[in-house]
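Q: Here is the input, now give the coordinates:
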Amino acid sequence: MPLLIEDIYRSSNGDRWLLVCDSEGGQAFVRHEANLSAGGQVTDMEIEDFLARGGSGPEHTALREIIETHAVSDKE
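A: Residues are numbered from 1 along each chain as shown. Reported below is the predicted structural model:
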């Protein structure tokens with residue numbers, strides 16, 4: 001399954017959020033990679049669930065901008 005991965009946001013403490021898309025199946029999700037001092041855990045969640053969780057942080061804003069950019073380019 002070929003995956004397309006795009007950085008959403010990297011925090012100053014080392015956390016990382018990625019937008020992961022299955023280019024064949026068309027499914028997309030958000031992957032959170034915690035920093036090593038927090039255990040380095042990797043968590044995947046549906047985009048809707050991610051945005052519903054306290055969606056006011058910079059990672060949420062960045063994802064919304066990515067979604068808007070892709071929506072506009074899809075219409076062109």
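Q: Which residue ranges of this protein form helices?
A: With DSSP state H applied, the chain shows helices at 47-52, 58-75, listed in chain order.
Q: what about the protein, any weak spots by pLDDT?
A: Counting by pLDDT under 70, the chain has low-confidence residues at 1, 55, 71-76.
Q: Apply 80 and report the result again.
A: Low-confidence regions of the chain, defined here as pLDDT under 80, cover residues 1-2, 23, 25-26, 54-56, 70-76.
Q: Give the full set of residues in contact with Glu59.
A: Glu59 sits next to Ile8, Tyr9, Ser11, Trp17 when contact means C-beta atoms under 8 Å, 6 or more residues apart in numbering. All C-beta spots, glycine's among them, are computed from the backbone N, C-alpha and C.
Q: count of residues packed around the third one?
A: So the one you mean is Ser11. Applying other C-beta atoms under 10 Å, we find 13 other residues in the vicinity of Ser11.
Q: Could you tell me which of the contacts of Glu59 count as buried?
A: Members of those that pass the buried threshold by neighbour count (16 or more other C-beta atoms under 10 Å) are listed as Ile8, Tyr9, Trp17.
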